[in-house]
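[1] curious how this folds, go ahead:
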Amino acid sequence: MDNVTHALAGVLLADLATAAVTRRTSTPVSPRFRRVATFVGVMAAELPDIDLVYAGPVLGMGKLGYLLHHRGHTHTIVWAILGAWALWWGTRWWWTRRGDPASRRPLDADEARALLVLALVGALSHLLLDWTNSYGVHPFWPIDNRWFYGDAVFIVEPWLWIVSIPALWWGERRPVGRIALAGALLLIIAAMWGLGQVAPPIAAAATLLAVVGMIGHRLLPPMTRLASGVLLWVAATMLFAVSGARARAQVTRTVRDLPLHDIVLNPAPGDPACWRAIVVTSDAVFYRVSTAVVAPWSGTTGSACAARYRSGRMSGDPLVELADASPTVPFDTTLAAVRWGRTWAAPRAELIAIAMERCEFAAALRFLRVPIWHEDGAGVIHLSDARFGTGGGFADLDIPPAPIPCSLTSGQVPPWIPPWVPPRADVLSGGG
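    Below you'll find the predicted structure:
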């Protein structure tokens, strides 16, 4: 998820922590504790992204290093626990050494416990939110090195901002906090209207809900206001999760007589009724990548979704720039809920052979969920992940001609290559 969404989750958790302390002690928390709780909540919710400090060019690992190490070791349960404990310990140390002399006292048991839980839940919330989209995480390292994908929520989901900011704005905030929240709310509304990625009816509904939310939350008691923000956040996420499950079922119905390896799903921003799908299949000879627009709910169709976003997210087929991508797909095209796009195919043996010959290619496969490639006349392999487009996508890599014997589990790979299981290990292994 984007860092603003993570920060909003951290502030929600911080407000819950201060409310819990107030309820347990029957005494309102001090303004200083409230500020510290907000700091801990936001820092914990952003903590796993500390990998941006070292991933990629910073330590000379290049673009491949960024792809492999962002959402890497710091996006694991092990790191969440250790990082949360370090943040909590540092906060306790800072608490007794800053502020006026009268306030330099140790945190009492209820405050310390609340901050520890806040730090731990905040760090884990980052993993959970990142899991909900198609980029994925591998939280169970070092026990399990596989990637896990939620395929449920767009990476910048406007509804999560819309439902949470009004509830937070009316809390006990300093002026700078209110200004930041108001600015974020205006920013997301302006983006929905101005970037062309959100259908006008969706943008209008979100704008109306934001206005109603700002007025309505002013009338609610503090605990009810906070609870409504949390429940609306969960409800929005669940709506997209259920819609995503239905979209997956619709696509699965159309796949006949082919091993289905993966269905990558992304909703249109703010719209659970329209989804982009990338489908990975294979047979005894070919590895295939196909695209589609999916309408999971009755009352609309894949074609209607494509028309609704003709100038936005659903209009750009990630395979359209590939000269060897065919507009013909090997699936059932009679289901109105699914509008198929293009299909790209290559021999499975070619994928396996290149992975064995070029270590950088093999290493990249530890990140790429939907690899697509072509080799130019100079022997350079241009490698992409169809999730992020082809020809200019942020995951594009150029693999120079360097036929060095290599395997996915052993061989001459740089020492900084992490042990992630390749998402397409099912294709590389030759299994159907």
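[2] all strands for the stretch 301-432 of the chain, in order.
    Listed from the start of the chain, the stretch 301-432 of the chain has strands (DSSP state E, counting those that start in this stretch) covering 338-347, 371-375, 381-385, 397-399.
[3] ranges for the helices of the stretch 51-200 of the chain?
    62-69, 77-95, 109-131, 158-169, 175-194, 200-218 (DSSP state H, counting those that start in this stretch).
[4] show me which of the strands of the stretch 301-432 of the chain has the highest average neighbour count.
    strand 381-385 (a mean of 22; mean count of other Cβ atoms under 10 Å). Yep, even glycine has a C-beta here, placed from its N, CA and C like the rest.
[5] got the angle for it vs helix 62-69?
    30 degrees (axes from the mean of the first three to the mean of the last three Cα atoms, to 10 degrees).
[6] how far out from the middle of the chain is strand 381-385?
    22 Å (Cα atoms, centre = their mean, to the nearest Å).
[7] ok, stretch 43-60 next?
    That offset, for stretch 43-60, works out to 16 Å (Cα atoms, centre = their mean).
[8] mean confidence for it?
    On average, the pLDDT along stretch 43-60 is 85.
[9] what of stretch 152-165?
    In this model, stretch 152-165 has a mean pLDDT of 94.
[10] in this structure, where's the longest strand?
    Counting by DSSP state E, the longest strand found in the chain is strand 271-282.
[11] each with direction, which strands does it pair with?
    strand 260-268 (antiparallel), strand 286-294 (antiparallel) (DSSP bridges).
[12] out of those strands, indicate the one that is most buried.
    Highest mean neighbour count among the strands paired with strand 271-282 (mean count of other Cβ under 10 Å): strand 286-294, a mean of 25.
[13] want to throw the strands of the stretch 301-432 of the chain into CSV with distance to R35 and mean pLDDT?
    Output for the strands of the stretch 301-432 of the chain, formatted as CSV (distance: least, Cβ to Cβ, whole Å; pLDDT from 0 to 100):
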stretch, distance to R35, mean pLDDT
strand 338-347, 50, 92
strand 371-375, 47, 91
strand 381-385, 42, 92
strand 397-399, 44, 88
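[14] of the ones you listed, give the one that comes closest to Y66.
    strand 397-399 (10.6 Å; Cβ to Cβ).
[15] tally of neighbours for R92?
    By the criterion of other Cβ atoms under 10 Å, R92 has 17 neighbours.
[16] now for the residue nearest to it when sequence neighbours are not counted, how many residues are close by?
    Closest residue to R92 apart from its sequence neighbours, by Cβ to Cβ, 6 or more residues apart in numbering: L107 at 5.9 Å. L107 has 18 neighbouring residues, counting by other Cβ under 10 Å.
[17] go on, L118?
    Considering only other Cβ under 10 Å, L118 is surrounded by 28 other residues.
[18] residues contacting the closest residue to P327 other than its chain neighbours?
    Excluding its sequence neighbours, the residue lying closest to P327 (Cβ to Cβ, 6+ apart) is R342, at 5.5 Å. R342 is in contact with S290, T291, D317, L319, V320, L322, A325, S326, P327, V329, counting by Cβ atoms under 8 Å, 6 or more residues apart in numbering.
[19] most neighbours of all those residues, which one?
    S290 (28 neighbours).
[20] you'd agree it is up against V329?
    Yes. Contact criterion Cβ atoms under 8 Å: S290 and V329 qualify, at 5.1 Å.
[21] which neighbours do these two have in common?
    Common neighbours of S290 and V329 (Cβ under 8 Å, 6+ apart) are W340, G341, R342, T343.
[22] okay if I get the strands paired with strand 271-282 as CSV plus mean pLDDT and distance to E357?
    Output for the strands paired with strand 271-282, formatted as CSV (pLDDT from 0 to 100; distance: least, Cβ to Cβ, whole Å):
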stretch, mean pLDDT, distance to E357
strand 260-268, 94, 23
strand 286-294, 93, 17
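[23] to W170, which of those lies closest?
    strand 260-268 (29.2 Å).
[24] out of the strands of the stretch 301-432 of the chain, which gets nearest to A249?
    Shortest distance between A249 and the strands of the stretch 301-432 of the chain, using Cβ to Cβ, is found for strand 338-347: 10.7 Å.
[25] to L128, which of the strands paired with strand 271-282 lies closest?
    Each of the strands paired with strand 271-282 was scored for nearness to L128 using Cβ to Cβ, and the closest is strand 260-268 (17.6 Å).
[26] dump the C-alpha coordinates for that closest one into PDB.
    Taking C-alpha atoms only, strand 260-268 is exported to PDB below (Å, rounded to 0.1, in the frame of the first residue of the first chain):
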ATOM      1  CA  LEU A 260      -4.200 -22.700 -14.500                       C
ATOM      2  CA  HIS A 261      -1.100 -21.400 -12.600                       C
ATOM      3  CA  ASP A 262      -2.200 -18.000 -11.500                       C
ATOM      4  CA  ILE A 263      -4.800 -15.200 -11.700                       C
ATOM      5  CA  VAL A 264      -3.500 -11.800 -10.900                       C
ATOM      6  CA  LEU A 265      -6.300  -9.400 -10.000                       C
ATOM      7  CA  ASN A 266      -6.400  -5.600  -9.500                       C
ATOM      8  CA  PRO A 267      -9.600  -3.600  -9.000                       C
ATOM      9  CA  ALA A 268     -10.200  -0.300 -10.600                       C
END
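[27] to A304, which of the strands paired with strand 271-282 lies closest?
    strand 286-294 (9.2 Å).
[28] JSON lines for the contacts of R342, including distance to F33?
    Compiled in JSON lines, these are given as follows (distance: Cβ to Cβ, whole Å):
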{"residue": "S290", "distance to F33": "54"}
{"residue": "T291", "distance to F33": "51"}
{"residue": "D317", "distance to F33": "52"}
{"residue": "L319", "distance to F33": "54"}
{"residue": "V320", "distance to F33": "55"}
{"residue": "L322", "distance to F33": "56"}
{"residue": "A325", "distance to F33": "58"}
{"residue": "S326", "distance to F33": "62"}
{"residue": "P327", "distance to F33": "61"}
{"residue": "V329", "distance to F33": "58"}
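[29] closest to A17 among the residues you listed?
    T291 (43.8 Å).
[30] which one is the closest one nearest to, not counting chain neighbours?
    G341 (3.7 Å).
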